[in-house]
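> can you look at this prediction? I've put the sequence above it.
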Amino acid sequence: MTATIDAPATGPTFMQVSGARKVKDRIATVLVYLSFAVAVIPLVWVVYTVLVRGLGATLSATWFTESLSGLLGRDPGGGAYHAILGTLLQGVVCAIISVPIGIMVGIYLVEYGGNSRLAKTTTFMVDILTGVPSIVAALFVYAVWIAIFGLPRSAFAVSLALVLLMVPVVVRTTEELLKIVPTDLREASYALGIPKWRTITKVVIPTALSGILTGVMLALARVMGETAPVLLLVAYAPFINTNIFEGNMASLPLMMYVERNNPTAAGTDRIWGAAVTLILIIALFNVLATVLSKYFAVKTK
Amino acid sequence: MAKRLDLKDVDIYYGKFHAVAGVTLSVPPRSITAFIGPSGCGKSTVLRTLNRMHEVIPGATVDGQVLLDGEDIYATSVDPVSVRRTIGMVFQRPNPFPTMSIRDNVVAGLKLMGVSDKKKLDELAERSLRGANLWNEVKDRLDKPGGGISGGQQQRLCIARAIAVQPDVLLMDEPCSALDPISTLAIEDLMSELKKEYTIVIVTHNMQQAARVSDQTGFFNLRATGEPGKLVEIDDTEKMFSKPSEKATEDYISGRFG
């Protein structure tokens, strides 16, 4: 009798996980892992294929130190130094032009533009420019630089086309990062009697610098792999050329394209070797972006 | 050093919205004036017009005169940057510059104005940190980031930063509302110290705080939402908290408001 009196009138407060919820949980888990696999498998596959076929070429003693100058298509040996140099030169020249323009446009949009018509138009144009395919940017530079101004095809023309692709990315990155700098900091600076431009250069930019640099490095890594501009705007040279305004200049994508017409084993080696090198350079830039962002990050300790 | 502030018939607008109407008051030098009142009555807005921080917000305008020792800070020839150099401000939430060390935070105002003499800056950093009662707590870690100390210390760092540019007036917008009672006490003690050299205006939601630290208190109120806020009365703190002239003040102070 006592047992019935002591027994609770209602059931336990906490319920078990219902069967339906367990099933849903299983389905969601499977879907998430499947999507992950679908996304990662092709990536790993690409990297694997490129490494298997190209690593041999890049491991040769002369790959990073010599060009293909004086070698015939079927001759083994030589290296991609000329193409690496070309890719880096074109990328750096592009960055030198795009970074200041992009950052300043970003500053204008966040700190000065407000809701003005010019700011809205600029944002709209930047949006459009972000979606422009690289072949269109290359054709535009071809039309203006070569067809209208009559200037020769050159590495500089390539850099200009890359600028068109890089500026919108830098503008967007700068804009987004400046927006998340708290207004409190700007007000604190104004309240000390610091003029607006100094507030921007000494307080706002340093706070956002880590993120802006990461964005710049990632954008640069992206444009260095672009192929359309190098196909249209400069001719391939198997030798080293450091003059960006004159003559032919190689780059890694262009080297791969040109060597495709080379049916020998040496040609195949060069294509895959250049592919490995390009992936390596882009990976290096990504690592550099992480390092820079850590170094410039706002510290609290 | 310390100067007096006079407001004559000040009207404040955000675009077309009339935020505060017809404020006339005087802030004597070397004293603490507290602004109290319900949220949205415009006391912070009035405070921000005292060093032209108000106009940082697009569309914000001011009518009437704000005189610092007789000089109109809104005269067309006056550079707002120089006004803010003369009339400093401490904000509700501590906002040290996250990219700078404790020392650089303190001397930021001078450094960004072009002073680069390291010895002078070091002296000034020490003097300001001592002035803000923070020196002993941070003297061994001046090179550590300003964001790494506690909230109360950060707020005292912000006060040190504000007094480092040697202003004539110090404005404080609810400087203790984000702090615990012990840090609040530290800041109130500091205010009593600072009033020997500075004219201080403080906005506070804490009436005990107004009663504790201020020499005169102004009560702001608004009749209804959408109407402009008004200064109901301003008087010696003792009188305001014992027998104010207006019934609205008495109701608010005694908690019978609304």
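Cool, the structure landed.

> got the contact list for residue 14?
Here I'm looking at chain A. Applying Cβ atoms under 8 Å, 6 or more residues apart in numbering or on different chains to residue A:14 gives no contacts. Backbone N, C-alpha and C define where each C-beta goes, glycine included.

> think we crossed wires, I meant chain B
B:57, B:59, B:60.

> which one of those has the most neighbours?
With neighbours taken as other Cβ atoms under 10 Å in any protein chain shown, the top of the contacts of residue B:14 is residue B:60, carrying 19 neighbours.

> phi first, then psi, for that residue.
phi -80, psi 130 (degrees, to the nearest 10).

> so it makes contact with residue B:13?
Yes. The criterion here is Cβ atoms under 8 Å, and residue B:60 meets it with residue B:13 at 6.9 Å.

> mind listing what's buried along the strand or helix carrying residue A:197?
Using DSSP states H and E, residue A:197 maps to helix A:196-199. For helix A:196-199, the neighbour count (16 or more other Cβ atoms under 10 Å in any protein chain shown) marks A:196, A:198, A:199 as buried.

> which residue does chain A bring closest to chain B?
Going by Cβ to the nearest Cβ, chain B is nearest to residue A:193 of chain A, at 2.8 Å.

> ok, now which ones touch that residue?
Residue A:193 is in contact with B:81, B:82, B:83, B:84, B:85, B:86, B:109, B:113, B:165, counting by Cβ under 8 Å, 6+ apart.

> how about the nearest residue to the residue in the stretch 151-258 of chain B positioned nearest to chain A, chain neighbours excluded?
Closest to chain A within the stretch 151-258 of chain B is residue B:165: 5.7 Å, counting by Cβ to the nearest Cβ. For residue B:165, ignoring the flanking residues on the chain, the nearest one in space by Cβ to Cβ, 6 or more residues apart in numbering or on different chains is residue B:109 at 3.9 Å.

> mind checking the SS state of the residue of chain A closest to chain B?
coil (DSSP: H, G, I helix; E, B strand; the rest coil).

> buried ones in stretch A:172-181?
A:172, A:173, A:174, A:175, A:177, A:178, A:181.

> do it and chain B meet?
No. Judged by Cβ under 8 Å from any Cβ of the partner chain, stretch A:172-181 and chain B are separated, with a smallest distance of 9.4 Å.

> with only the CA atoms kept, save that stretch in PDB.
Provided in PDB are the C-alpha atoms of stretch A:172-181 (Å, rounded to 0.1, in the frame of the first residue of the first chain):
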ATOM      1  CA  ARG A 172      34.600  44.900 -51.300                       C
ATOM      2  CA  THR A 173      37.000  43.500 -48.700                       C
ATOM      3  CA  THR A 174      38.000  46.900 -47.400                       C
ATOM      4  CA  GLU A 175      34.400  48.100 -47.300                       C
ATOM      5  CA  GLU A 176      33.200  45.100 -45.300                       C
ATOM      6  CA  LEU A 177      36.100  45.300 -42.800                       C
ATOM      7  CA  LEU A 178      35.900  49.100 -42.300                       C
ATOM      8  CA  LYS A 179      32.200  48.700 -41.600                       C
ATOM      9  CA  ILE A 180      32.800  46.400 -38.700                       C
ATOM     10  CA  VAL A 181      35.200  48.800 -37.000                       C
END
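
> if you average pLDDT over that stretch, what comes out?
What stretch A:172-181 shows for mean pLDDT is 95.

> so which bits of the stretch 201-301 of chain A are right by chain B?
Where the stretch 201-301 of chain A comes near chain B, counting by Cβ under 8 Å from any Cβ, the residues are A:202, A:203, A:206, A:207, A:209, A:298, A:299, A:300, A:301.

> flag the least confident of the residues you listed.
residue A:301 (69).

> so residue A:119 sits right up against residue A:107, yeah?
No. Residue A:119 lies out of contact with residue A:107 (Cβ under 8 Å); the separation is 11.5 Å.

> using PyMOL, make a named selection holding only the buried ones among the contacts of residue A:193.
Buried residues among these (16+ other Cβ under 10 Å), as a PyMOL selection:
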select buried, chain B and resi 81+83+84+85+86+109+165
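
> what is the nearest of the contacts of residue A:193 to chain A?
Chain A lies nearest to residue B:85 out of those, by Cβ to the nearest Cβ, at 2.8 Å.

> check the secondary structure at that closest one for me.
Going by three-state DSSP: residue B:85 is helix.

> that one against residue B:166, yeah?
No. Here residue B:85 does not reach residue B:166: they are 9.0 Å apart, not a contact under Cβ under 8 Å.

> picking that back up, OK, contacts around the residue nearest to the residue of chain A closest to chain B when sequence neighbours are not counted?
Of all residues beyond its chain neighbours, the one nearest residue A:193 is residue B:85 (2.8 Å), with distances taken as Cβ to Cβ, 6+ apart. For residue B:85, the contact set (Cβ under 8 Å, 6+ apart) comprises A:192, A:193, B:109, B:113, B:165, B:167.

> so the residue lying closest to residue A:81 once chain neighbours are set aside: helix, strand or coil?
The spatially closest residue to residue A:81, leaving aside those adjacent along the chain, is residue A:67, at 5.2 Å (Cβ to Cβ, 6+ apart). Secondary structure state of residue A:67, per three-state DSSP, is coil.

> and residue A:67, how many neighbours?
21.

> now residue A:55
Residue A:55 has 12 neighbouring residues, counting by other Cβ under 10 Å.

> likewise residue B:130?
Neighbour count for residue B:130, taken as other Cβ under 10 Å: 13.

> and residue B:72, its phi and psi?
Backbone torsions of residue B:72, given as degrees, to the nearest 10, read phi -70, psi 120.
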